[in-house]
Every structure is written in structure tokens, then in C-alpha cells.
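*Asks:* Need a 3D model of the following:
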Amino acid sequence: MGAARVEGNTLLLGDGVRIRFIRTLRLPESGTHALPPGLGEFPLRRVEDYPDTVPAELRAKGGVMLPVYLREAMWLAFGGSTEPAALQVGVGKVCAVSGKPWTGRLARDPQNYVVLPRQPWLDGINSGDGTVRQFVAVPLGLGATVEGQVTGEETTGGVQLQAFPLEPDAL
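*Replies:* Below you'll find the model as predicted:
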């Protein structure tokens, strides 16, 4: 798939995958709650556009960044995606769809991807037993990240996205 591009506040992967990062309320960790409202898009910026202010370790990784306060949460909107694709979403190298460690390869059991354009959004991380935990910002090194809880390490952080287009023969 082609390179990632930023168009306004939308991340474009390849020719047809569009991802917007939607700000929402951070809900209490205990109990069951209705989906909170969307409160607009997070501003999306390319890391390389801020060479004098972005820390060296983030510049080395590259990609995009967005400002998230600790009291906020987000969900991912896929509306506008036009080409069929499988999209993997990771948080700190943990698959948000399966809740298992990230592999970078597609798997069906457990499924580790969403199908676009059929899937309109992803509102959090699969935490098992039919529950989902919100995408939230947590400082690395405190043991509170999904990555730390699943893998026992906190080295990657952030969100990872990988799109696999439908093969031309299948189209």
C-alpha cells in the first residue's frame, strides 16, 4: 500500500483508507457506559514538520502526532474509506481488535483487523468478555498502558496502523 499522507485532520493510507481521530469524553474505568459523544476531530500533524520541538525518539519513529489530554479519550472514524482493505490497529504493539500482542500479519482466529469500508469506526481496545476500553493517553513507564498490561513492557507506545488492500484478483 502507498505511503501515509495527512489531508487536513485525516490520515490517508494508500489509495482508499481514511482515518480521522475523534475527541470524546474519558469514561470511568469501572462499569458499563453508553458510547460518549464525539467532540470534534483531533488536529493531526506530521512529526517531520516539527524538527525543533519534537523529541529525538519521536522524530526517529516518524509518523503523525495529535495532542491528547489525560482527561480525554478518542475513537477512530473510517468514514470516507473507498477501497476494500483490512486495517490493523495497534496500541503500543497490542492489537486493539483482538487484545493480543501485535504481529503485523493478518489473522482470522482471533481476528486482528477491521474490514473497510464496512467498519465505520473503532471506539477502543478489546479487553475480553465483550468489553472495550477507550483509547486514552497514558504516560509510558507507569505500568498503566495496554502495552504494559499485555506484554509486561512499555517500549513502543502510541497507535500503529497498517492497511492491507484487497488483492486485484479479488476486486
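*Asks:* Quick check: buried residues in the helix or strand bottoming out on mean pLDDT in the chain?
*Replies:* Of all the helices and strands that make up the chain, helix 146-151 has the lowest average by mean pLDDT, DSSP states H and E, namely a mean of 75. Of the residues in helix 146-151, those buried under the neighbour-count criterion (16 or more other CB atoms under 10 Å) are V146, E147, G148, V150, T151. For glycine as for every other residue, the C-beta is placed from the backbone atoms N, C-alpha and C.
*Asks:* for stretch 121-135, which positions count as buried?
*Replies:* Neighbour counts using 16+ other CB under 10 Å place L122, D123, G124, I125, N126, V132, R133, Q134, F135 of stretch 121-135 among the buried residues.
*Asks:* ok, now stretch 49-56?
*Replies:* The neighbour-count check on stretch 49-56 (16+ other CB under 10 Å) flags V54 as buried.
*Asks:* partners of the top strand by length along the chain in the sheet?
*Replies:* The longest strand of the chain (DSSP state E) is strand 17-25. As defined by DSSP bridges, the strand partners of strand 17-25 come to strand 10-13 (antiparallel), strand 38-41 (antiparallel), strand 72-77 (antiparallel).
*Asks:* who touches stretch 98-112?
*Replies:* Stretch 98-112 is contacted from outside by 86, 88, 90, 93-95, 97, 113, 125-128, 150-151, 160, 162, 164, using CB atoms under 8 Å, 6 or more residues apart in numbering.
*Asks:* What of stretch 27-41?
*Replies:* Residues from elsewhere that reach stretch 27-41 (CB under 8 Å, 6+ apart): 9, 20-25, 73, 75, 77, 123, 131, 133-134.
*Asks:* rerun that using 10 Å as the cut-off
*Replies:* The set of residues that contact stretch 27-41 without belonging to it, under CB atoms under 10 Å, 6 or more residues apart in numbering, is 8-10, 20-26, 66, 72-75, 77, 121, 123-124, 131-134, 136.
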